[in-house]
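S.K.: sequence isn't available, so here's the structure alone:
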Ligand SMILES: [Zn+2]
């Protein structure tokens, strides 16, 4: 059995490149591996032999469509399916999702469970434990060496604990050790919008793009920043909290304790509250049905919310110059109404001629973006992802406060 340390060590460079190539492209023949990993064929042969001997890689008969149909079949190399997996857990406001993926990030089993309104940490973790056990069982793999966990609030990623805030009051002080004992496996914590960005960067609409801003347009609004292929967490994980940018100092009180935050104008609850005096809407599903039916009020409310998100996004774009802005979350399901409005503000706010306006696209992982980011962080910690896309985690930083 391979150890992850051996993959990450100095002698592991060629191994890492080979594993990364298979992760990126799926099963590859030795010749394809030599090209994809930029290694000499003799090095590939030698390293593949070692990886096969320790059952990290297995030979498969998969013949890819671009190969000739005649002649001997090339044997492709793939990850041993049960070798390594991780669990991506995503806590939302009302549901928790758990997804088991193999070393290539391919989902093996996926499940979700309802959470009671305003659930506390202990109850959320108890429900998550049942779900995690169930999906591991369904995936048919040994208990994975770790899990990535997405939490919808500020996370001190360096010290791996939930930051005390009025956003997630019941979770203050819960750290990775508490999550580990509740979930029964080592845990890496990160904010859900940050993991949405990492998920889209690694497996979705941000693949191959080094600089992206991913906006989770949802019950709350958050953003994840990828710069030079790395997730930027900032001090106490505070990067990307765009939902709490002040839009109007006299605006409604926000759950964070400030007034007039973007969340109070543009989050899903804010959109529903604006519409509710005139329409019967209680959920995103009902809101989108109204939009689909051509309801002018629903379209106006969604568009105004997206314009507000766009104004904050355009400031972020002037600061960070991302190549692509990726929209995820429940409001991404409104499609063009949202992306057109955000694009409109970005174009207006960009410096004429001097600035490239970032593309605005929808995420491509449906509502699995944060769970797939949690998978990426879990696999990154195991050494399965390229070093440059694994978030840096300083070990010794003085504790804040
Ligand atoms: Zn706020």
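M.R.: Noted; the coordinates are in hand. A quick note: this is a predicted structure, and the numbers were derived from the prediction, not measured.

S.K.: quick one, phi/psi of residue 148?
M.R.: Backbone geometry at residue 148, expressed as degrees, to the nearest 10, gives phi -100, psi 140.

S.K.: grab the nearest non-local neighbour of it.
M.R.: Nearest residue to residue 148 in three dimensions, chain neighbours excluded: residue 374, at 3.2 Å (Cβ to Cβ, 6 or more residues apart in numbering). Where you see a C-beta, it was placed from the backbone N, CA and C, and this is true even at glycine.

S.K.: average pLDDT for the helix or strand encompassing the one you found?
M.R.: With elements taken from DSSP states H and E, the one containing residue 374 is helix 369-381. The average pLDDT for helix 369-381 rounds to 94.

S.K.: can you give me the pLDDT of residue 13?
M.R.: 81.

S.K.: swap in the one 3 residues further on?
M.R.: In the predicted model, residue 16 carries a pLDDT score of 83.

S.K.: can you check residue 6 too?
M.R.: For residue 6, the predicted pLDDT is 38.

S.K.: same question for the one 4 residues further on.
M.R.: The pLDDT attached to residue 10 in the predicted structure is 39.

S.K.: from the contact counts, what lies against the helix holding residue 374?
M.R.: strand 85-91, strand 95-102, strand 147-151, strand 187-191, helix 192-203, strand 212-217 (3 or more Cβ pairs under 8 Å, 6 or more residues apart in numbering; DSSP states H and E).

S.K.: again, only this time at 7 Å
M.R.: When contacts are defined as 3 or more Cβ pairs under 7 Å, 6 or more residues apart in numbering; DSSP states H and E, helix 369-381 sits against strand 85-91, strand 95-102, strand 147-151, strand 187-191, helix 192-203.

S.K.: export those as a markdown table, with columns for mean neighbour count.
M.R.: A markdown table is the format used below for the helices and strands packed on helix 369-381 (neighbours: other Cβ atoms under 10 Å):
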| stretch | mean neighbour count |
| --- | --- |
| strand 85-91 | 28 |
| strand 95-102 | 24 |
| strand 147-151 | 30 |
| strand 187-191 | 26 |
| helix 192-203 | 31 |
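
S.K.: setting aside sequence neighbours, what's the nearest residue to residue 17?
M.R.: Counting by Cβ to Cβ, 6+ apart, the residue nearest residue 17 is residue 37, at 3.9 Å.

S.K.: these two touch, right, the one you found and residue 19?
M.R.: No. Counting by Cβ atoms under 7 Å, residue 37 stays clear of residue 19, with 9.1 Å between them.

S.K.: how much space between the residue nearest to residue 376 when sequence neighbours are not counted and residue 91?
M.R.: Closest residue to residue 376 apart from its sequence neighbours, by Cβ to Cβ, 6+ apart: residue 202 at 4.2 Å. The gap separating residue 202 from residue 91 is 20 Å, by Cβ to Cβ, to the nearest Å.

S.K.: centre of the chain to stretch 99-116, how far?
M.R.: Distance of stretch 99-116 from its chain centroid, counting by Cα atoms, centre = their mean, to the nearest Å, is 13 Å.

S.K.: pull up the distance across that stretch, start to finish.
M.R.: Stretch 99-116 has an end-to-end distance of 20 Å (Cα to Cα, to the nearest Å).

S.K.: likewise for stretch 232-251?
M.R.: Length of stretch 232-251, first residue to last, Cα to Cα: 30 Å.

S.K.: how much space between residue 221 and residue 26?
M.R.: Distance of residue 221 to residue 26, given as Cβ to Cβ: 35 Å.

S.K.: more neighbours: these two, which one.
M.R.: residue 221 (30 against 14; other Cβ atoms under 10 Å).

S.K.: mind giving me the packing neighbours of the helix or strand harbouring residue 291?
M.R.: Per DSSP H and E, residue 291 falls inside helix 284-292. Counting contacts by 3+ Cβ pairs under 7 Å, 6+ apart, helix 284-292 packs against helix 268-275, helix 296-320.

S.K.: which one of those lies nearest to residue 194?
M.R.: helix 296-320 (14.1 Å; Cβ to Cβ).

S.K.: what comes into contact with the closest one?
M.R.: Residues outside helix 296-320 that contact it (Cβ atoms under 7 Å, 6 or more residues apart in numbering): 213, 215, 217, 221, 223, 225, 227, 242, 245, 247, 262, 265-266, 271, 274-275, 278-279, 287, 290-291, 325, 334, 337-338, 341-342, 344-346, 349, 358.

S.K.: for the ion, give me its nearest residue in the stretch 1-150 of the chain.
M.R.: residue 93 (15.1 Å; Cβ to the ion).

S.K.: next: the stretch 301-401 of the chain.
M.R.: Among the residues of the stretch 301-401 of the chain, residue 312 lies closest to the ion, at 12.2 Å counting by Cβ to the ion.

S.K.: ok, that residue to residue 177 distance?
M.R.: Separation of residue 312 from residue 177 (Cβ to Cβ) stands at 35 Å.

S.K.: more neighbours: which of those two?
M.R.: Per other Cβ under 10 Å, whichever of residue 312 and residue 177 has more neighbours is residue 312, with 21 against 12.

S.K.: report pLDDT for that one.
M.R.: 98.

S.K.: what about the helices in the chain?
M.R.: Taking DSSP state H as the test, the helices found in the chain are 4-8, 13-25, 30-36, 41-53, 121-139, 176-183, 192-203, 262-266, 268-275, 284-292, 296-320, 336-349, 369-381.

S.K.: out of these, which is closest to residue 170?
M.R.: Ranking these by proximity to residue 170 (Cβ to Cβ) places helix 121-139 first, at 5.2 Å.

S.K.: just how off-centre is that closest one within its chain?
M.R.: Centre-to-centre, helix 121-139 and its host chain are 19 Å apart (Cα atoms, centre = their mean).
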